[in-house]
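Asker: Give me the fold of what follows.
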Amino acid sequence: MEIQEIEEIGERLAASYQTVAVAVNGSKRSKRVVQWALNKFVPEGMVHFRLLYVRPKITRVPTAMGNYIPISKVRDDIASAYKKEVEWQANSMLLIYKHLFSGRKVEVDNVVIEADDVADALSMEIAKLKINKLVVGASSQNIFSRKGNKLSSKIARCSPSFCTVYVVSKGKLASIRSAVSGAYEMSNDESSSSPALSFSPDSSTGQSGITMNPFIPEVHSLPFQSDQFISNMNSGFDSMSSLDAILNRSSSFFSAENNLSSSTTLSEQFRSHVIGGCSSSFTADSLIVDGTAADLTTSVDKIDINLELQKLRIELRHLQDMVEVVQNESIDTSDQLNKLNARRMKTEAKLKEMEHTKEASRELTMQETKRHEEAEREVQVMESVLKEILLRVDAEENVAQTSCENMRFEKAVSSNIEPFKKYTWEDIKSATSSFSDTLKIGMGAIGSVYKGTFHHTVAAVKVLHSNEAHGNKQFKQELDILGRIRHPHLLLLIGACPDKGCLVYEFMENGSLDDRLQCKDNTPPLPWYDRFRIAWEISSALAFLHNTKPEPIIHRDLKPANILLDCNFVCKIGDVGLSTLLPTVNFSISTIYKDTAPVGTICYIDPEYQRTGQVSPKSDIYALGMVIMQLITGKPPIGLAHIVESALEGGNLWDILDSKAGEWPEKETHELARLGLNCAEIRRKDRPNLEDQVLPVLERLRNRADEGKSLANCPPPTPPSHFICPILQEVMNDPYVASDGYTYDRKAIETWLNMNDKSPMTNLPLPSVNLIPNHSLRSAILEWKSMAN
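Answerer: Below is the predicted model of the structure:
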């Protein structure tokens, strides 16, 4: 009784508990639908609410230009980010309605469905969550309007029959579709299998009627001889014997299928009922049946004996066949045994031969191993002897080379030979194509710079504007300084034409540091570790100039425009035309030299030098500080010291760093900024010493930069423009020259010529369709690819 009471209580609780779903889409009308549902169902008792929101499937991704791209053509990370953004927007929209439920202290679950068919999606979700009631907005101006289709009617039609659908318009109930049946009603009753026979009282006769089941399995009939014998019996007994056979079959069926004692009882009852019901029809023939019963029994016994004899004969023949098979198998087995013995003897002989061969191979291997070890020992001895010989030869060559260099230096000093090559005016004009504007690579205050070629060597040619005294003075000073000093980070002087005021320098492929900091011509920015290294290279070159003998050299015009970069971004200081020599006496005593007028570039000139005209090595240190601050910020020099000082004091140095340089190391960058600011102090005495205070710090930062460079994943270098195919806009694999004079990738130009007869670049008719391979360009591209990899 207690179990029944508990079940009745559970059924009453389940009936009182109902799930209400409210479909929304983010519009103001959805708020009215939610408020109506709260006012309607909250007072009724136990209610569980669910917010249903159907959004279209994401098949496209928007671009910044307002277009759409199929999601299959977008990278996985971009597609995932866009899906997360859409999900976030949906959850943010549902949060507005969730606040309405929270205000009524009612719990609600959010269900976001991704589908294109709103009605089908809601129907499937209702069936899945067993929702009793669904509240939607009217389709005329409701939240589910899709191109004028009456979606609310479709939702009502598609919703399961156990769900009641409420259609709300303007905060009021517009229509309702009531539920037809309870949710998920199922009948667990199973139709019981009817028995093979059933008995029912006959209303007319009072006798027991017989009903035969058509699905009774068939029972095998008697042997053929028995059937033939029974068929010769009296026709009056046929009906009785047939009925008896049916009874026997019924009895055998029940005993085989059910294996129960009740089956025999059922068969006997059935037999008695049948015999009792049919006794009136067989009364006249009962004497005939009794008279022939004995004969029937004797005939059946004879038939059974004959059948048993036939079975015994068949078994005897089967046994005889088995004996023959066994005899044949024994003969085959003996033959196989003999063959196996012969094969075993052959195998044993082969194994013995293999063992002998193995022993011989082992001995031979041991002998070869000994010989190999002896040869290795001999090789080691020879290698050690060879190393000694090579070391001795190297030492002798070094001594000879040193002596030759000393002799050459002494000879040069004694003979006063010019330390540079002299070029004629014709050589200069030929190298620069008569100073073609296409070869001009720069222009300064006192001259222009051209790109020239001397004996297949690319060089930079600096030509003075005039032969005035001021220009001649700077020319002679630059020629004198660069002609007698050599340093890895000072621009190398190759030659000169003194008569015309021309200087020939080594060519620097990457231009000036100023161009690289400004990313001129869309060149890639310098990474932070290259900037750390460049700062150290500039300071090492300045230290070399300040320590030259017999007179120190002050550059006086150090700035990013005068710092040049080679193909590996190694910096070299140039333009020493404004340099000055400090007298040894003054340098050793006060390090100050009185000049007639300050020279240099504004923002890089030492303030004390500009005010008093007194120059010293610390004048270059001021310019070095300005260059260091430009390296880390990428900003122009005007007011830069004040900007860096304010950032350091305010703790926001990262706001002014050049973000294009990558991830700056925090500690080292702060240290470099502080060093640059100290070098740019207004008063000369407040600036640090170059060798004792600046160089050690920059050398340590250079080592840190080398570590950062080895760990950084450097991007692949940008290919030169002449490596790019004009048609494909990518690096060519097989460059060919067309008749218009331009070079294209072979496959691209062949495809173009199949469809056009004009030049892809000039849009003019091509003189011919012949293509010439550009082997030199192909070799250059292959070399660039190998370096990039």
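
Asker: Tell me the pLDDT of the closest residue to Val697 other than its chain neighbours.
Answerer: With sequence-adjacent residues excluded and distances taken as Cβ to Cβ, 6 or more residues apart in numbering, Val697 is closest to Leu675, at 5.6 Å. C-beta coordinates here come from the backbone N, C-alpha and C atoms, glycine included. pLDDT, the model's per-residue confidence, is 94 for Leu675.

Asker: I'd like to know how many residues surround Leu675.
Answerer: The local packing of Leu675 (other Cβ atoms under 10 Å) involves 22 other residues.

Asker: Next: His455.
Answerer: 7.

Asker: That one and Ser436, how far apart?
Answerer: 19 Å (Cβ to Cβ, to the nearest Å).

Asker: do the same with Thr548
Answerer: 37 Å.

Asker: Of the two, which one has the most company?
Answerer: Between Thr548 and Ser436, counted using other Cβ under 10 Å, Thr548 has the larger neighbour count: 15 against 11.

Asker: Nearest residue to the more buried one in space, please, no chain neighbours.
Answerer: Ile485 (6.3 Å).

Asker: That neighbour: what's it in contact with?
Answerer: Phe544, Leu545, Thr548, Ile553 (Cβ atoms under 8 Å, 6 or more residues apart in numbering).

Asker: still on that earlier bit, tell me the contacts of the residue nearest to Val697?
Answerer: Counting by Cβ under 8 Å, 6+ apart, Leu675 has contacts Gly625, Ile628, Pro688, Val694, Val697, Leu698.

Asker: Does the third one belong to a helix, a strand or coil?
Answerer: If I follow you right, that is Pro688. Look at Pro688: counting by DSSP: H, G, I helix; E, B strand; the rest coil, its state is coil.

Asker: That one touches Ile621, doesn't it?
Answerer: Yes: in this structure, Pro688 is within contact of Ile621 by Cβ atoms under 8 Å, at 7.3 Å.

Asker: where do the contact lists of these two overlap?
Answerer: Cys679, Val694.

Asker: More neighbours: which of these two?
Answerer: Higher neighbour count among Pro688 and Ile621: Ile621, with 25 against 17, using other Cβ under 10 Å.

Asker: Quick check: that one vs His372, distance?
Answerer: 66 Å.

Asker: With Leu695 instead?
Answerer: Distance from Leu695 to His372, by Cβ to Cβ: 56 Å.

Asker: By residue count, tell me the biggest helix in this protein.
Answerer: Looking across the chain with DSSP state H, the single longest helix is helix 286-415.

Asker: tell me how far stretch 107-123 is from the chain's mean position?
Answerer: 32 Å (Cα atoms, centre = their mean, to the nearest Å).

Asker: Same check on stretch 560-571?
Answerer: 37 Å.

Asker: what does that stretch contact?
Answerer: 488-489, 491, 508-514, 516-517, 526, 530, 534, 537-538, 572-575, 601, 627, 630.

Asker: Produce a PyMOL select command limited to the buried residues of the residues you listed.
Answerer: Selection of the buried residues among those in PyMOL, burial being defined by 16 or more other Cβ atoms under 10 Å:
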select buried, resi 489+491+508+510+511+512+513+514+516+517+526+530+534+537+538+572+573+574+575+601+627+630
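
Asker: In helices only, show me the contacts of stretch 560-571.
Answerer: Leu513, Asp514, Arg516, Leu517, Asp530, Ile534, Glu537, Ile538, Val627, Gln630.

Asker: so what's the last one up against?
Answerer: Put plainly, it is Gln630. Gln630 neighbours (Cβ under 8 Å, 6+ apart): Leu517, Pro560, Pro636, Pro637, Leu640.

Asker: rerun that using 10 Å as the cut-off
Answerer: 513-514, 517, 531, 559-560, 603-604, 636-637, 640, 658, 676 (Cβ atoms under 10 Å, 6 or more residues apart in numbering).

Asker: List only buried entries from these.
Answerer: Leu513, Asp514, Leu517, Arg531, Lys559, Pro560, Tyr604, Pro637, Leu640, Asp658, Gly676.

Asker: Name the nearest residue to the last one, sequence neighbours excluded.
Answerer: Okay, so that is Gly676. Ile628 (3.3 Å).

Asker: mind listing the helices for the stretch 501-650 of the chain?
Answerer: 513-517, 528-546, 584-589, 607-612, 617-633, 640-650 (DSSP state H, counting those that start in this stretch).

Asker: could you say what helices and strands the longest helix of the chain packs with?
Answerer: helix 224-231, helix 235-257 (3 or more Cβ pairs under 10 Å, 6 or more residues apart in numbering; DSSP states H and E).

Asker: Paired strands for whatever helix or strand comes next after it, with orientation please.
Answerer: From helix 286-415 onward toward the C-terminus, using DSSP states H and E, the following helix or strand is strand 421-422. Strands adjacent to strand 421-422 in the sheet, as given by DSSP bridges, are strand 493-497 (parallel).
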